[in-house]
Each structure stands twice: as structure tokens, then as C-alpha cells.
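J.: Quick one: sequence and predicted model below, then my questions.
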Amino acid sequence: MTGYRRTLSALVAAAALTGVTGLTGCSDDTPASVASKAASLASQGADVFASATAEASARFDDVKNGVDVKGDVKLGTVTASGGRSEAEVTVTNTGGSQRSFLVQVNFTDGGGNLLDAVVVTVSDVAAGKSGKATARSNRELSGEVKAEVGRAVRY
């Protein structure tokens with residue numbers, strides 16, 4: 001959870017900084033109004049973060065007796081397809097029986113700021129084998145987009 005707080009803090013700070021730098025050129029703005037507008041933008045940044053991760057959290061809450069297997073997940077290079085960003089997800093089942101995997105993929109910008117979060121399921125992976133899925137962003141993402149594993153459980 002600490003990683004999500006750091007990402008949220010970075011997202012809020014970036015939104016505030018963007019708002020402040022974009023607003024300081026307005027000659028009619030007082031320092032108080034600039035600060036108020038920056039706080040409003042920061043709040044919007046927090047809302048983006050919350051909506052991007054709310055569904056992911058709900059999906060993970062539904063998994064009972066899942067084992068953390070973030071290290072057993074590899075992501076391919078992010079590509080664009082139909083205006084959305086995609087990354088191939090490969091999971092390796094190091095367990096002793098067939099299992100399914102739930103993987104949260106965070107799409108970030110070049111600075112590590114969260115742009116989107118999606119959850120994919122890789123079902124019925126045989127013991128000692130690998131399975132694949134494609135993580136596709138919920139919306140069009142622009143600029144440099146990277147993918148990282150947010151969470152992964154085997155169940």
C-alpha cells in the first residue's frame with residue numbers, strides 16, 4: 001500500500017505543480033487564488049488515481065486465499081493498439097497444481113506517474129507452465145507510456 005501512497009503523492013504533487021505553473025501567468029490571480037486553483041487541480045488528480053485503482057482493488061478483494069506472486073509476472077513492452085496502450089502479461093505458475101492469476105498492471109508516464117490501472121486474469125495455468133494475457137488501458141494514453149506490475153496473486 002505504501003507504493004500506492006507514494007504514487008498518489010507524486011500524482012497530486014504533479015497536478016498541483018502543473019496547475020501552479022499554468023496559472024501563475026494570469027495577471028489577475030492573487031497568490032491565494034492560485035493556491036486555491038492548484039488545490040482544486042490536485043484534488044482532480046487524486047480523483048483520477050482513485051478511479052483508476054478502485055475497480056482493481058475491488059477485484060483483488062474478491063480473491064480469497066491468494067498468494068502474492070508479483071515476482072512470477074513479466075510484462076512485455078507497451079504498444080499502442082486502437083488508440084489504447086497494451087502490454088503482454090506472462091505469468092509462471094511455480095505452484096504444485098493448476099492455478100489462476102489476477103494481475104494489476106499500472107500504466108505510467110516517463111516520470112512514473114500513474115496514468116491508468118487495469119486488472120487481467122490468466123486462468124487455469126498448469127503447474128510449472130506459463131500463461132499469457134493482454135493488459136489494455138481503459139482509455140487512450142499519450143506520451144511515453146510504461147507498464148509495471150502493481151499486484152499479482154495466484155489462487
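T.: The structure has been received and is ready for your questions.
J.: Identify the residues contacting Val89.
T.: Val89 sits next to Val73, Lys74, Leu75, Gly76, Val103, Val105, Val120, Val122, Lys132, Ala133, Thr134, Ala135 when contact means CB atoms under 8 Å, 6 or more residues apart in numbering. C-beta: built from backbone N, CA, C; applies to glycine.
J.: Excluding covalently adjacent residues, which one is nearest to it?
T.: Ala133 (4.7 Å; CB to CB, 6 or more residues apart in numbering).
J.: What separation do you get for that neighbour and Ala152?
T.: 11 Å (CB to CB, to the nearest Å).
J.: Looking at those two, which is more packed in?
T.: Ala152 (24 against 17; other CB atoms under 10 Å).
J.: just to revisit the earlier point, quick one: contacts for the residue nearest to Val89?
T.: Ala133 sits next to Glu88, Val89, Val91, Val103, Val120, Thr121, Val122 when contact means CB under 8 Å, 6+ apart.
J.: List only buried entries from these.
T.: Val89, Val91, Val103, Val120, Val122 (16 or more other CB atoms under 10 Å).
J.: Among the residues you listed, which pair sits farthest apart?
T.: Greatest spatial distance among the buried ones among the contacts of Ala133 (CB to CB): Val91 and Val120, at 9.4 Å.
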